[in-house]
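Student: test case, fold it:
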Amino acid sequence: MDQITFKHDTVLSDVHMHRPNSQHLMMRLTSVGQPVFMSRFRILAESRDDSNSGKGLTNEEKQSSPRKGGATSHEQDEEGGSQENVEPFLDEDGDLDVTHRPRKNSVDDGGRDLVCPIILQQSVPDLEQDEEIVDDDDEEEHDCSKDIIRIEHTMATPLEDVGKQVWRGALLLADFILSNPDTFRGATVLDLGAGTGLTSIVMATTAKTVYCTDVGDDVLRLCSRNVVLNKHIMESTGGEVKVKQLNWLQHSLCTDVDMEFSWTEEEVADLYDNTSFIIAADVCYDDDLTDSLFRTLYRLCSSFNHTCTVFISLEKRMNFSLRHMDVCCEAYSHFKHCLTQLQDLEDGRCRFTVEHVPLNFSQFLLYERIEQLELWKVTASSLAFEQTQSDSN
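Tutor: Next up, the predicted model:
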């Protein structure tokens, strides 16, 4: 397939648009005829500076390539230093002849300038180049490396299939997990709207059991393939990812043994008895979907007899609204409204507290951490459990 044609209703993730060096290998077609590609994401377990080992990309490294006049410090070094004493070249008509330095890994962009959002933390160019360029002879060994996550995904889909793509919110949540391994070590975790399963796979590097859930056989099969592709990452920790169906519009879990991705009675009991963390990455882009998410969170957390912590990552996406005749982010506003409602809820069963998590943790994956990314923490406390603890004390 030499060229991909995008239709008017196609949604494309920015993750791959801003990785021009990537060589996306088309693997197969989904059951609905969508091309499936393979991308590799490197976990930066240690920085290039040994003194910062184990800290991923530090703040200094993230800012190590400031752009001056559009050129990085690496590009300025290639220019040969100062230009003050270099005489200009003139053509035969006396016009200034400007020699353009060839671009590395250039792509045919139609002559258009790349328009990017405001970037808070930028990937280090030399690390990105190292990750993307892999010799064919080393490809098998490269893919089996414990710091390489292989993800099969689609590149462009209708809105209802965006879960098959990789989004920055998932990479942000994965960074948070990798930055706080002790927090999740040995835990039972529920991933809601897991999509490609990237965050579930990262979580399984420290957690004991991860229930990777979504709805729809196509996306769940994609999850399963990605889990199998990354078994080597979870082997050393003994973490396990179980891909299951969880429909936010249904009150009960599917336990029909004839259905693919159904739950066993033991798994249902484990979910309700032992889940200490719930995660969700970039699932709040539609008001009805957001409402369903919060109803599911309330239904689950109010059924637990213990405290549960929820982490939700998202990216604020600005759109022009005809109703407001201005640029706004209605999906984000509705999400904040749901957070407020959850925190103000008083039903005698569960108490919810909401916190905004600062993004000052290390960056372990290569993507642009833009200012529109956010991470929220919701702590759900069972009032019955609190009362029992108080009585025992």
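Student: so what's the residue count around the closest residue in space to residue 251 that isn't next to it in sequence?
Tutor: With sequence-adjacent residues excluded and distances taken as C-beta to C-beta, 6 or more residues apart in numbering, residue 251 is closest to residue 299, at 6.7 Å. In short, each C-beta sits where N, CA and C put it, glycine included. Look at residue 299: counted by other C-beta atoms under 10 Å, it has 12 neighbours.
Student: now do the SS call for residue 299.
Tutor: helix (DSSP: H, G, I helix; E, B strand; the rest coil).
Student: check the gap between it and residue 309 for me.
Tutor: According to C-beta to C-beta, to the nearest Å, residue 299 stands 17 Å off from residue 309.
Student: thinking the residue nearest to residue 251 is in contact with residue 250, fair?
Tutor: No: at 10.1 Å, residue 299 does not count as touching residue 250 under the criterion of C-beta atoms under 8 Å.
Student: if we can go back for a sec, mind checking pLDDT for the residue nearest to residue 251?
Tutor: Note on residue 299: pLDDT of 95.
Student: so how far is residue 226 from it?
Tutor: 28 Å.
Student: go on, residue 337?
Tutor: 33 Å.
Student: neighbour-wise, which of these two wins?
Tutor: Shown here are residue 337 and residue 226; by other C-beta under 10 Å, residue 226 has more neighbours (25 against 13).
Student: check the secondary structure at that one for me.
Tutor: Under three-state DSSP, residue 226 comes out as helix.
Student: test my guess that residue 225 contacts residue 152.
Tutor: Yes: using C-beta under 8 Å, residue 225 is in contact with residue 152, at 5.5 Å.
Student: the helices in the stretch 201-350 of the chain, which residues?
Tutor: 217-229, 231-235, 265-274, 287-301, 330-344 (DSSP state H, counting those that start in this stretch).
Student: just put those helices in JSON lines and tack on distance to residue 158.
Tutor: Output for the helices of the stretch 201-350 of the chain, formatted as JSON lines (distance: least, C-beta to C-beta, whole Å):
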{"stretch": "helix 217-229", "distance to residue 158": "12"}
{"stretch": "helix 231-235", "distance to residue 158": "31"}
{"stretch": "helix 265-274", "distance to residue 158": "31"}
{"stretch": "helix 287-301", "distance to residue 158": "14"}
{"stretch": "helix 330-344", "distance to residue 158": "17"}
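Student: weakest of those helices by average pLDDT?
Tutor: Among those, helix 231-235 carries the lowest mean pLDDT (a mean of 90).
Student: show me what that one is packed against.
Tutor: Of the remaining helices and strands, none touches helix 231-235 by 3 or more C-beta pairs under 8 Å, 6 or more residues apart in numbering; DSSP states H and E.
Student: identify the residues contacting it?
Tutor: 144, 146, 149, 201, 204, 205, 240, 241 (C-beta atoms under 8 Å, 6 or more residues apart in numbering).
Student: repeat that with 7 Å
Tutor: Contact with helix 231-235 is made by 144, 146, 149, 201, 204, 205, as judged by C-beta atoms under 7 Å, 6 or more residues apart in numbering.
Student: which one of the helices of the stretch 201-350 of the chain lies closest to residue 259?
Tutor: Closest of the helices of the stretch 201-350 of the chain to residue 259 is helix 217-229, at 9.4 Å (criterion: C-beta to C-beta).
Student: against which helices or strands is that closest one packed?
Tutor: strand 148-153, strand 209-214, strand 240-245 (3 or more C-beta pairs under 7 Å, 6 or more residues apart in numbering; DSSP states H and E).
Student: ok, the second one: who's next to it in the sheet?
Tutor: In the sheet containing strand 209-214, its partner strands are strand 188-192 (parallel), strand 240-245 (parallel), by DSSP bridges.
Student: pLDDT of it, averaged?
Tutor: Here the average pLDDT along strand 209-214 is 98.
Student: next: the last one.
Tutor: Per-residue pLDDT values across strand 240-245 average out to 98.
Student: can you state the direction angle for that strand and helix 217-229?
Tutor: With axes from the mean of the first three to the mean of the last three C-alpha atoms, to 10 degrees applied, the angle from strand 240-245 to helix 217-229 works out at 170 degrees.
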